[in-house]
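Trainee: Please work out how this folds:
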Amino acid sequence: MVSNDQRRRQLAREKFLRQQQRRESARRRARTRNTVIASALAVVVVAGAGAFAAGAFDGKDKKDSAASKPSASPSKAADPCEKPAAGKVKPLSWKKEPALTIDKSAGYTMNLATTCGDIGLDLKAKEAPHTVNSFDFLAGKGFFDHTKCHRLTTEGIYVLQCGDPKGTGSGGPGYTIPDENLKDKSLKANVYPAGTVAMANTGQKHTGGSQFFLVYQDSQLPPSYTPFGTISDSGMKVLKKIAAAGAQPADPTTQNTAPNATVVINKATVTKS
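Mentor: The predicted structure is shown next:
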């Protein structure tokens, strides 16, 4: 027969086990929630100076963070890229978006001559005129030359992020441009398909600057990042080579998962056709 003391101890044990189960369940829910947040924020970045949310293109985004970005596993692959060309990033900044001077009815292409190979982009001037005009302006000023692509995400979303003169995820041209083309027919079921080039932003509307991301594998993201071009077949081969080399562990300060490959844009050129 169970004594009163034994019964009290049994009830106390059962209560303790229930509490532990509830706490573990809460921890699991929090981990799941943080993973979702990290994937959604991986390409978010602050398009100006200083502060930054890298947890979306993020990306971040510092973060991935803020949640934290999708973690990237280190790879033992050798660096497949060449040494950067001689030169350094120009310290350029402007207070206002440049005047709209492109011909929206014309075709524009952009070539990123990187240390890993050329990445050609077909730009959507008609659908994203402010974005294409900004890239035409910045490339003409040499803004992208010698800049490093600072983030590679290899889980959840699959993008290489570039365009930051600081190489940290916090830099930009000093101005912002409006969101455009968010209903592009290529974006279906909140998926940015492989071969898309799109703008990174802070997670707020109309906060794009100079940072952009190149999608090398279909990636689930909300349609909040201006898709302004597509990547050539040869450019996709270069991206796949970069992705195959893997990413480094997240930097403890910026939370960036930098590519193992040394990806530097030696020269960026926009051409009207």
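
Trainee: Could you verify that residue 234 is part of a helix?
Mentor: Yes - counting by DSSP: H, G, I helix; E, B strand; the rest coil, residue 234 is part of a helix.

Trainee: For it, the count of nearby residues, please.
Mentor: Residue 234 has 11 neighbours, counted by other CB atoms under 10 Å. C-betas here are computed from N, CA, C, even on glycine.

Trainee: quick one, phi/psi of residue 113?
Mentor: Here is the backbone geometry of residue 113 (degrees, to the nearest 10): phi -80, psi 100.

Trainee: who does it bridge with?
Mentor: residue 118, residue 267 (DSSP bridges).

Trainee: Can you give me the pLDDT of it?
Mentor: Per-residue confidence (pLDDT) for residue 113: 98.

Trainee: close enough to count as contact, it and residue 263?
Mentor: No - applying CB atoms under 8 Å as the test, residue 113 and residue 263 come out as separate, 11.8 Å apart.

Trainee: From the neighbour counts alone, determine which of these two ranks first.
Mentor: Higher neighbour count among residue 113 and residue 263: residue 263, with 29 against 16, using other CB under 10 Å.

Trainee: Which residue is the nearest non-sequential neighbour of that one?
Mentor: Nearest residue to residue 263, sequence neighbours excluded (CB to CB, 6 or more residues apart in numbering): residue 149, at 3.9 Å.

Trainee: Report how many residues lie close to that neighbour.
Mentor: Residue 149: 28 surrounding residues under other CB under 10 Å.

Trainee: ok, it - contacts?
Mentor: Contact analysis of residue 149 by CB atoms under 8 Å, 6 or more residues apart in numbering lists 114, 160, 161, 162, 242, 259, 263, 264, 265.

Trainee: then the helix or strand encompassing the last one to PDB, C-alphas only?
Mentor: Right, the one you point to is residue 265. Element membership for residue 265, per DSSP states H and E: strand 264-272. The C-alpha trace of strand 264-272 is given here as PDB (Å, rounded to 0.1, in the frame of the first residue of the first chain):
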ATOM      1  CA  VAL A 264      36.200  39.800 -56.100                       C
ATOM      2  CA  ILE A 265      34.600  41.800 -58.800                       C
ATOM      3  CA  ASN A 266      37.600  43.100 -60.700                       C
ATOM      4  CA  LYS A 267      35.500  45.200 -63.100                       C
ATOM      5  CA  ALA A 268      31.700  45.700 -63.500                       C
ATOM      6  CA  THR A 269      30.500  47.000 -66.900                       C
ATOM      7  CA  VAL A 270      26.900  47.900 -68.100                       C
ATOM      8  CA  THR A 271      26.300  47.900 -71.800                       C
ATOM      9  CA  LYS A 272      23.300  49.200 -73.800                       C
END
